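Asker: fold the following, please.
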Amino acid sequence: AEHPAFTEEELFKLLRFMDPSGDGELNLVEVRSAFANINTKTKVEEMEGDIGEVLHRCEQAMKGRRLKDFFIEIDVEDRGIVSSAALKEGLERLLQPSANLRATMAKKEKTMVQLRRAYNEILTKAVKAAAQIRELEANGVAEVMRRLDSHIKNHGKKIVDLFHDIDVSGDGRLDGNEVADMLERLSQPSLEARAARKKKELKIAQRRHEEETKRIQFNEMMERMARAEKSGAAAVLSKLEFFMRRWQMRCIDLFRLVDADGGGTVDADELAAAIQCTQLNASPEQVHTLVDYLDTGGDGQVDHTELESAIRYYRRYRWEKAMAVRYSKNGKLPLYLKYQHFEEIFVPSDPIHRRLTAVDI
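Answerer: Residues are numbered from 1 along each chain as shown. The predicted structure follows:
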């Protein structure tokens with residue numbers, strides 16, 4: 001394959017490398033030496049590697065100026081040569097910022113000094129204010145000031161109006177008694193606040209009544225089911241409830257099935273006949289026991305509401321027992337069994353307004 005021709009620049013570099021004497025002529029010794037040292041850097045190449053970066057920085061520092069102009073500038077004596085000290089001084093001047101930049105930097109520094117001074121003043125005032133607030137909180141003045149501020153905002157007044165309200169004597173000065181009387185008036189709730197408090201108290205009382213009613217109903221249900229288990233009626237109830245779930249029946253459907261004559265009530269015989277038809281395997285004694293348990297009226301008859309109430313109680317009782325077993329395994333009890341009222345769980349730390357704080361919760 002043919003090799004590409006050498007360019008003039010390549011031939012020039014090759015000649016400069018092979019002719020270290022610089023006489024423009026080559027001999028056999030120089031050619032052999034050049035091929036022997038082909039992988040060795042020349043002194044010029046080593047120097048370029050050492051100071052190439054420095055020269056590049058000098059070129060950047062001149063910022064587009066011609067090298068001739070820079071040389072004339074540092075050649076103060078106009079001798080055509082410069083000393084190393086003059087070169088160093090000239091390069092240092094090149095690295096100095098321009099007049100506009102120095103003015104901008106000075107202005108920025110002045111602004112920063114002003115900002116630092118203002119910041120220190122604000123910080124000093126903030127520290128003093130924090131110390132004063134701690135002192136006011138410690139001696140109780142802060143609470144008084146908050147009450148007065150709240151009074152001003154709630155009534156749309158100005159400070160001068162508040163002053164006249166406190167200055168009962170009208171002498172333009174406030175004494176301790178006048179301030180004490182004003183604070184006592186401020187501590188009294190307004191009509192709107194009293195109405196709102198009464199409404200809240202009624203709501204709390206109603207909620208407590210509902211909770212107490214639920215508690216009574218719960219205790220009644222647990223007592224009834226305890227009697228049902230003790231008498232054996234719970235076993236028959238369990239079979240009836242299973243039958244209803246299996247055939248997806250309502251209580252009224254079950255009652256209609258039991259009420260053979262359609263009289264609206266059932267006795268032990270009707271209930272025993274229905275249980276026998278459903279093949280629930282309940283003895284006559286168990287049926288009579290169930291009728292005695294269901295018959296809350298004491299007339300020997302069971303109506304639809306009594307049966308429905310018994311089924312509902314049984315289902316609730318079964319669920320409560322399952323939950324009790326579950327929580328007993330975890331070492332916990334449901335809140336409705338452990339506490340009777342909401343206030344027993346969350347106790348407010350504010351004795352006056354009875355408001356819950358984040359710490360209380």
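
Asker: C-alpha only now, for contacts and for neighbours.
Answerer: Fine.

Asker: that's a helix at Gln114, yeah?
Answerer: Yes: read with DSSP: H, G, I helix; E, B strand; the rest coil, Gln114 is one of the residues of a helix.

Asker: can you give me the helices for the stretch 51-200 of the chain?
Answerer: Using DSSP state H, counting those that start in this stretch, the helices found in the stretch 51-200 of the chain span residues 67-74, 84-95, 99-139, 141-155, 159-166, 176-187, 191-231.

Asker: how about these in a markdown table, adding mean pLDDT and mean neighbour count?
Answerer: Converted to a markdown table, the helices of the stretch 51-200 of the chain look like this (pLDDT from 0 to 100; neighbours: other CA atoms under 10 Å):
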| stretch | mean pLDDT | mean neighbour count |
| --- | --- | --- |
| helix 67-74 | 72 | 14 |
| helix 84-95 | 74 | 13 |
| helix 99-139 | 84 | 12 |
| helix 141-155 | 76 | 13 |
| helix 159-166 | 78 | 14 |
| helix 176-187 | 74 | 13 |
| helix 191-231 | 84 | 14 |
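
Asker: so which of these comes closest to Ile252?
Answerer: Among the helices of the stretch 51-200 of the chain, helix 191-231 comes nearest to Ile252, with 20.8 Å by CA to CA.

Asker: tell me the helix or strand right after that closest one.
Answerer: Using DSSP states H and E, the helix or strand that directly follows helix 191-231 along the chain is helix 233-247.

Asker: now that following helix: buried residues?
Answerer: Going by neighbour count (16 or more other CA atoms under 10 Å), the buried part of helix 233-247 is 233-237, 239-241, 243-244.

Asker: centre of the chain versus that helix, how much separation?
Answerer: 50 Å (CA atoms, centre = their mean, to the nearest Å).

Asker: what does it rub up against?
Answerer: Contacting residues not belonging to helix 233-247 are listed as 225, 228-229, 250-251, 254, 280, 282, 286-287, 289-290, 293, 310-311, 314 [CA atoms under 8 Å, 6 or more residues apart in numbering].

Asker: which of the helices of the stretch 51-200 of the chain sits closest to Gln60?
Answerer: helix 84-95 (9.6 Å).

Asker: so which elements touch the closest one?
Answerer: Judged by 3 or more CA pairs under 8 Å, 6 or more residues apart in numbering; DSSP states H and E, the packing partners of helix 84-95 are helix 43-61, helix 67-74.

Asker: can you give me the distance of Asp253 to Arg57?
Answerer: Distance, Asp253 to Arg57, by CA to CA, to the nearest Å: 102 Å.

Asker: what do you get for Ile252?
Answerer: Per CA to CA, Ile252 is found 102 Å from Arg57.

Asker: what do you get for Arg256?
Answerer: Distance from Arg256 to Arg57, by CA to CA: 107 Å.

Asker: can you check Arg93 too?
Answerer: 14 Å.

Asker: need the residues touching each of those two.
Answerer: Counting by CA under 8 Å, 6+ apart, nothing touches both Arg93 and Arg57.

Asker: got the end-to-end distance for stretch 181-197?
Answerer: Note: stretch 181-197 ends 24 Å apart using CA to CA.

Asker: which other residues reach it?
Answerer: Contacts for stretch 181-197 (CA under 8 Å, 6+ apart): 144, 147-148, 151, 165-166.

Asker: quick one, phi psi at Gly297?
Answerer: Backbone torsions for Gly297, taken as degrees, to the nearest 10, come to phi -80, psi -20.

Asker: what does the one 4 residues further on give?
Answerer: As for Gln301, its main-chain torsions (degrees, to the nearest 10) stand at phi -120, psi 150.

Asker: my guess is it contacts Asp267. True?
Answerer: Yes: between Gln301 and Asp267 there is a contact at 5.0 Å, judged by CA atoms under 8 Å.

Asker: mind listing the shared neighbours of these two?
Answerer: Residues touching both Gln301 and Asp267 by CA under 8 Å, 6+ apart: Val291.

Asker: redo the buried residues of helix 233-247 as TSV? Include distance to Asn219 and pLDDT.
Answerer: As requested, these are exported to TSV (distance: CA to CA, whole Å; pLDDT from 0 to 100):
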residue	distance to Asn219	pLDDT
Ala233	18	84
Ala234	17	85
Ala235	21	86
Val236	22	84
Leu237	19	84
Lys239	24	85
Leu240	23	83
Glu241	22	85
Phe243	27	84
Met244	26	84
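
Asker: distance to Asp23 for these - can I get that in a markdown table?
Answerer: Below are these laid out as a markdown table (distance: CA to CA, whole Å):
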| residue | distance to Asp23 |
| --- | --- |
| Ala233 | 131 |
| Ala234 | 127 |
| Ala235 | 127 |
| Val236 | 129 |
| Leu237 | 127 |
| Lys239 | 125 |
| Leu240 | 126 |
| Glu241 | 123 |
| Phe243 | 123 |
| Met244 | 122 |
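
Asker: what about Ala268, how many neighbours?
Answerer: 20 (other CA atoms under 10 Å).

Asker: and the pLDDT for it?
Answerer: Reading off the confidence values, Ala268 has pLDDT 78.

Asker: and it, what is it in contact with?
Answerer: Ala268 neighbours (CA under 8 Å, 6+ apart): 287-288, 291, 301.

Asker: related to what we said a few turns ago, can you put the contacts of stretch 181-197 in JSON lines and add distance to Glu320?
Answerer: Shown next, in JSON lines, are the contacts of stretch 181-197 (distance: CA to CA, whole Å):
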{"residue": "Val144", "distance to Glu320": "53"}
{"residue": "Arg147", "distance to Glu320": "51"}
{"residue": "Leu148", "distance to Glu320": "54"}
{"residue": "His151", "distance to Glu320": "52"}
{"residue": "Asp165", "distance to Glu320": "62"}
{"residue": "Ile166", "distance to Glu320": "62"}
